[in-house]
Each structure stands twice: as structure tokens, then as C-alpha cells.
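In: need a 3D model of the sequence below.
(chains A and B)
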Amino acid sequence: MNESILLDPTAENAPAERARLPRPDNLDGKVVGLLDISKPRGNVFLDRIEEQLSAIGVSVKRYSKPTFTRPAPTELKQQIAGEVDVLVEGLAD
Amino acid sequence: MTSLPADGLIVVAKADCPTCRLIEPLLTELSAAGPLQVLVQDDPEFAASLPSTHFDQSLEHSWRLNTEFVPTLIRFENGQETARTYGWDKAEWRAISGLTDLGEELPVMRPGCGSKTLEPGIAEKLELAFGDVKLQSREIDVSAEDDDIEACYARGWSDGLPVVPPTAVRVLRMLKGTQRDPQEVIGIMPPDLVPCTVEKVAINAVMAGCKPEYMPVLLAALEASLDDDFGLHGLICTTMFGSPMIMVNGPIAKAIGMNSGNNALGQGNRANATIGRALQLIIRNVGGGRPGEIDRATLGNPGKYTFCFAEAEDSDWLPLAQERGIPAGRSAVTIFPGEGVQGIIDQKSRDPESLARSIAESLRAVDNVKLAMAGDAVLVVAPDHARIFIEAGWSKQRLREKLEQLLLAPGENLVTGARGMAEGIPEKFRDKQVPKFRPGGLLIVRAGGTAGLFSAIIAGWAASGPVGSSPVTREVTL
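Out: The predicted structure is shown next:
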């Protein structure tokens, strides 16, 4: 027995960096979702984004999480995935 | 490994054992009478003249034979053990060997010694080498580093204080504290959302300094933390102060030596200190909840090293776990998203009305005197304060109801902007009487030393209730 062998206390699979999805070249014909995580003033930020996207003719759909303290419910994630091409999320307040 | 005879006798011996030395001359006689395998645990010179002597250096044979004492004499027939004795017992040895005049000159009986397989530290190594337990965690070789504690720091496994290096032997010993399978998944650990097995719990418990007997409390605390009502994910990630705090009720608290008395919320008791710490290390190491990364706490609180204590239960006040549905006589943990400790000093009140009023006024400070129904709170009443209520016939429930009534406040004093402070509750409450805590948001426990007219407030997370975190109680099962 080697006393210098320790057992890993971590999840072991955590940090393997996940590749990001490729970003779209442009927003032509794309639907952009805006997700409010329900922190104060998230709507202020997202309202402004919506204004700017609408001005260049991009269609926008709005969503919000019931509470910022938990991950989005599966139903909401599935709904968003089915309705939009790109999602912008307002983190923090 | 040499195979053992399917028929015949086996003697397990240790040269270091005087009784084994006593019977050593008899082995020649036994060998002449039939198949004999001598297994020596410590010295190849013992009975070396016999052809069938095997130096059981790895102790594998001794371990597989469940040897507890030396000498042990075993008879095998058709590969099955049919008889066993240990120490020197003349009648037994004669019966098992079939040699009616064996050891005529020896005393009737001599006790043996403990088998080398049971020496401290050896039993676990043998179980790891030859037993059914297979630990699954990745092995990290730190032999190239001078100091294994430093190696743990270097890998980011520590909360800032030294950890006990989690060797396989220590982890196996920790797993003896629970009946649960090492590979059982306790739950999905936030924030990284990875399965947390009993084995990972045991590794972190070793690092925190737990004793194996603490495992049932730690496992219950982890299960309570992972209940969706507790909202651990958000609590780990918040900028606010709170973190899981563990309150223990029932016989397990005394059984494992927890502190509910002097300095109950402080340092110095191993069970209090290490159970709370182990839960924090699991959050850090398994869940990935590290400060500055996904733990976004602005200030945090010292309880994020460890925060665990037992209630000083007495017959007059219903213990917290029983108030929350656990039958009397059972053990349970209640998990709460605690901040730090705010003391309440009232050394003058001698009647419950006065004391309740001063406690209520102090409770207004939770979150902000102008906030309401945001954070829950635990009120810890030390025995000298509790006595004032108990002698006046006030139950915990009566105290809670009185505090709730005293804490009702006119909304006009609390709304945003009132009294020259922008912070406050929404304008719609202006004309209402507003409770400080949401229903069920004020918990009361009795703890502390028997001298001191004090109580303490442990505020919860300002996102309490369904929007964030509710306290969760879980029975401790052994």
C-alpha cells in the first residue's frame, strides 16, 4: 500500500471545458429569445436589447424564469429551444 | 497464493506468540499424522523444518480464513471447514486432530494472541487488497511532493484550513460508519449537477476530520441540503451571506458527543466542527461551489467553514425536530441557510413579556430593519432566557406567536423611502400591518451554557421560502 495515494474528493468530470456552439454569422431571419432570470432590473437591460434588435428588424421573444435561485425549469428550457435560434440572458442585477 | 489443502489441518501461528511457541513442537506430530498446512504470519523461521509451512507474509490466507487469534487450528474436509479452535485447548486440539495423546506434557489450556490481521491499520489494508469493497474514486499519486497536506492544498481541495489526506485506508474506515453502499448516489450535487456517492461523502468526511460514527448525521444533512425545498443551488451561488447550517436533535447528538451547551455555536467540539465542515467540503469539491467562482458571496460568513450544533433539548420545550414532524425519541437534522450569529443581550428582563419585547425588537434587524418577509431566522434561546419563559408556562409555540404579534409593523414605516431610507418594502404595503417573517419563517431552538441571560439570532437567506430556500428536516437513520 502506498500511503501517498489519495482518493480524489472531487466530481472528477467537472472542469473538462465544453466547446461553445458556433455563433451565427448574422441575425437575418433568426428569432432571438431574451431570458429574464427574475433579478431586479433585468427587464431594464432586456427592454433595451429588444428595442435595438427590433429596430434592425430582428424578431424577439421574451421569457422569464420563475426565480433566479434555481436553474430554469426543464419545460421552459425546452420551450425556448423550440422557439428561438439565439438566446440572450440577463445575468445578475 | 499457494492453495490450501481441501482435506486436512491448517494451523495459523505467529512466532511472536508464546502459545504458538508452546505448540510448535507438536506440529511435527500433526504433520506425520496427515495433511497439514502451517501458516506463519510474522517469521519464516517458525516451524521452518516442516515441508508444509508457508510464510503468509501478505496475510491473505490468514485474512481469508477470518483468523482472529493465533494459534488457530482448523480442519477442512472436501474443501469445507468442519472444525476450528484457537489458543491451546488440549481437549479441542485432540478432538480436531484425532490424536488422543497430543501434547501430553503441555498444560490443559493456554490463551493465544491476537492475529496479525487484526492489528491497527492492517485490517483495512487487507480488506482493500483482498475484500469485496472496491473504491471507485480516481487515485492521485502525491508521492513526488514532500507533504501530503500541502498536496491537498495545491489541488484546491481545502477550505483554507488543513485537511486530513484521504488515503484509501482512512476512507474505508469512514465507510464503516454507514451501512449504505459506497456507490449509492445520495443526490445530484449543485452547482455542477454531478452525482454524489456515499464514497465521495466519506472522502470529504475524512478530509474534514470526521469520525466514522458521524456519517449518518452527515448523510442526513446532505440529503436535507439536496431537497429541492432547500434550494442549495441558489444558496451556493448567491451574492448574499447564507450557507447550510445544521441543527441536530435526538439521541444521536449525545451518542456522538455533540455540543449543545457552553459555546454551542463556537469552536472546540469535534463532531460539531467536522460535520459542518464536511458538508462544506462536499459543496466545494463534489459540487464545485468555490468562492470567487460560482460562489458569488460578497462577504460570506464564518459559518461557511462549518456551522453545526445540537439543540439543548429539555422536557418543557418541544425540540425543533418534533415541531417539524419527527417523532419523539428519533434523531434528525434540520438544515437552514444561516448567516452569522447576532447576540441578544438582555440581563434585566425577569418576566416573559419584557423579554419577548426585547427579543422582538432585536429580530427586526434581520436583513434590514425596513425589510419584511424576506429572510427566515433561527432564534437560539440560551437556558437562562428559556427559563424565564418556561417558568411562566410559555411554550415555544406561545413565544413564537407572541414574537410574531410584536413584530407586526405598520407598512408606512417600512415602505421604500419611509423614514428617509430608500431601502424598504413595496408601496402596496403602506396601509397594511406587515409581519417581519413569512409564516413558518421563525424557528426557535434552545442551546448554550447555563450561565448568561442571552439569546442569539441566526438570520437566513433573504430569499427565503418557495422563491429561494426553506428549512428542511430529515430523520437520521443508522
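
In: residues contacting the closest residue to chain B within chain A?
Out: Going by Cβ to the nearest Cβ, chain B is nearest to residue A:69 of chain A, at 2.8 Å. Backbone N, C-alpha and C define where each C-beta goes, glycine included. Neighbour list for residue A:69: B:231, B:233-235, B:238, B:463, B:467-469 [criterion: Cβ atoms under 8 Å, 6 or more residues apart in numbering or on different chains].

In: could you look up the SS state of it?
Out: In three-state terms, and counting by DSSP: H, G, I helix; E, B strand; the rest coil, residue A:69 is coil.

In: which residue, neighbours along the chain excluded, lies closest to it?
Out: Counting by Cβ to Cβ, 6 or more residues apart in numbering or on different chains, residue A:69 lies nearest to residue B:234, which is 2.8 Å off, once chain neighbours are set aside.

In: and that neighbour, how far from residue B:192?
Out: Counting by Cβ to Cβ, to the nearest Å, the separation of residue B:234 from residue B:192 is 14 Å.

In: for chain B, longest helix please?
Out: helix B:270-285 (DSSP state H).

In: what's the following helix or strand after that one?
Out: Using DSSP states H and E, the helix or strand that follows helix B:270-285 in sequence is strand B:308-310.

In: which residues touch residue B:386?
Out: With contact taken as Cβ under 8 Å, 6+ apart, residue B:386 is in contact with B:314, B:317, B:446.

In: which of the three states applies to it?
Out: Per three-state DSSP, residue B:386 ends up helix.

In: the helix or strand in which residue B:173 is found near chain A at all?
Out: Element membership of residue B:173, judged by DSSP H and E, is helix B:168-175. Yes - interface with chain A: helix B:168-175 contributes B:168-169, B:171 (Cβ under 8 Å from any Cβ of the partner chain).

In: isn't there a helix covering residue B:437?
Out: No - counting by three-state DSSP, residue B:437 falls outside a helix, being coil.

In: ok, residue 82 - contacts?
Out: Looking at chain A here, since you left the chain open. Contacts of residue A:82 by Cβ under 8 Å, 6+ apart: none found.

In: wait, chain B
Out: B:75-76.

In: so it versus chain A, what's the distance?
Out: From residue B:82 over to chain A the distance is 34 Å, taken as Cβ to the nearest Cβ, to the nearest Å.

In: so which strand or helix has residue 45?
Out: I went with chain A, as the question did not name one. Using DSSP H and E, residue A:45 sits within helix A:42-55.

In: looking at chain B here, not the other one
Out: Judged by DSSP H and E, residue B:45 forms part of no helix or strand.

In: okay, now the residue nearest to it when sequence neighbours are not counted: neighbour count?
Out: Spatial nearest neighbour of residue B:45, chain neighbours left out: residue B:15 (6.9 Å); criterion: Cβ to Cβ, 6+ apart. By other Cβ atoms under 10 Å in any protein chain shown, the residues close to residue B:15 number 16.

In: list the contacts for residue B:15?
Out: Residue B:15 sits next to B:21, B:40, B:42-43, B:45-46 when contact means Cβ under 8 Å, 6+ apart.

In: distance of residue B:178 relative to residue B:197?
Out: In terms of Cβ to Cβ, residue B:178 sits 12 Å off from residue B:197.

In: middle-most residue in chain B, spatially?
Out: By Cα atoms, centre = their mean, chain B has its centre lying nearest to residue B:214, at 2.7 Å.

In: returning to what we had before: what packs against the helix holding residue A:45?
Out: Here helix A:42-55 touches strand A:31-36, strand A:59-64, strand A:86-90, going by 3 or more Cβ pairs under 8 Å, 6 or more residues apart in numbering or on different chains; DSSP states H and E.

In: at 6 Å what do you get?
Out: strand A:31-36, strand A:86-90 (3 or more Cβ pairs under 6 Å, 6 or more residues apart in numbering or on different chains; DSSP states H and E).

In: what's the pLDDT at residue B:330?
Out: We note a pLDDT of 98 for residue B:330 in this prediction.

In: could you report the neighbour count for it?
Out: Residue B:330, neighbours per other Cβ under 10 Å, totals 15.

In: within range of chain B, give me the residues from chain A.
Out: Proximity of chain A to chain B, by Cβ under 6 Å from any Cβ of the partner chain, involves residues A:1, A:3-12, A:14, A:67, A:69-70.

In: looking at the residues you listed, which are in strands?
Out: Applying DSSP state E to these, the entries found in strands are A:5-7.

In: which of those are buried, as a ChimeraX select command?
Out: The following ChimeraX line selects those of those that are buried, judged by 16 or more other Cβ atoms under 10 Å in any protein chain shown:
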select /A:5,6,7
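
In: would you list the ones in strands among the residues of chain A next to chain B in JSON lines and tack on pLDDT?
Out: Below are these laid out as JSON lines (pLDDT from 0 to 100):
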{"residue": "A:5", "pLDDT": "89"}
{"residue": "A:6", "pLDDT": "91"}
{"residue": "A:7", "pLDDT": "92"}
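
In: endpoints of stretch B:305-312, how far apart?
Out: End-to-end distance for stretch B:305-312: 23 Å, by Cα to Cα, to the nearest Å.

In: what comes into contact with it?
Out: B:159, B:245-246, B:248-249, B:253, B:258, B:260, B:264-265, B:272-273, B:275-277, B:319-320, B:338, B:445-447 (Cβ atoms under 6 Å, 6 or more residues apart in numbering or on different chains).

In: and stretch B:431-449, by the same measure?
Out: By Cβ under 6 Å, 6+ apart, the residues outside stretch B:431-449 that reach it are B:260-262, B:264, B:311-312, B:317, B:320, B:372-373, B:376-382, B:386, B:396, B:400, B:407-409, B:411, B:414, B:464-465.

In: can you select the buried ones from the residues you listed in ChimeraX?
Out: The ChimeraX command for the buried members of the contacts of stretch B:431-449 (criterion: 16+ other Cβ under 10 Å) is given here:
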select /B:260,261,264,311,312,317,320,372,373,376,377,378,379,380,381,382,386,396,400,407,409,411,414,464,465
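
In: ok, back up a step: enumerate the positions of the helix holding residue A:45 that are buried.
Out: For helix A:42-55, burial by neighbour count (16+ other Cβ under 10 Å) applies to A:42-43, A:45-46, A:50, A:53.

In: how big is the angle separating it from strand A:59-64?
Out: Orientation check (axes from the mean of the first three to the mean of the last three Cα atoms, to 10 degrees): helix A:42-55 against strand A:59-64 gives 170 degrees.

In: pull the CA atoms of helix A:42-55 into CSV?
Out: Extracted in CSV, the C-alpha atoms of helix A:42-55 (Å, rounded to 0.1, in the frame of the first residue of the first chain):
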residue,chain,number,x,y,z
GLY,A,42,-33.1,42.6,-15.6
ASN,A,43,-36.1,43.8,-17.5
VAL,A,44,-34.5,47.2,-18.0
PHE,A,45,-31.5,45.7,-19.7
LEU,A,46,-33.5,43.3,-21.8
ASP,A,47,-36.1,46.0,-22.8
ARG,A,48,-33.2,48.0,-24.3
ILE,A,49,-31.8,44.9,-26.2
GLU,A,50,-35.3,44.3,-27.5
GLU,A,51,-35.6,47.9,-28.7
GLN,A,52,-32.3,47.7,-30.6
LEU,A,53,-33.0,44.3,-32.1
SER,A,54,-36.5,45.3,-33.2
ALA,A,55,-35.1,48.5,-34.8
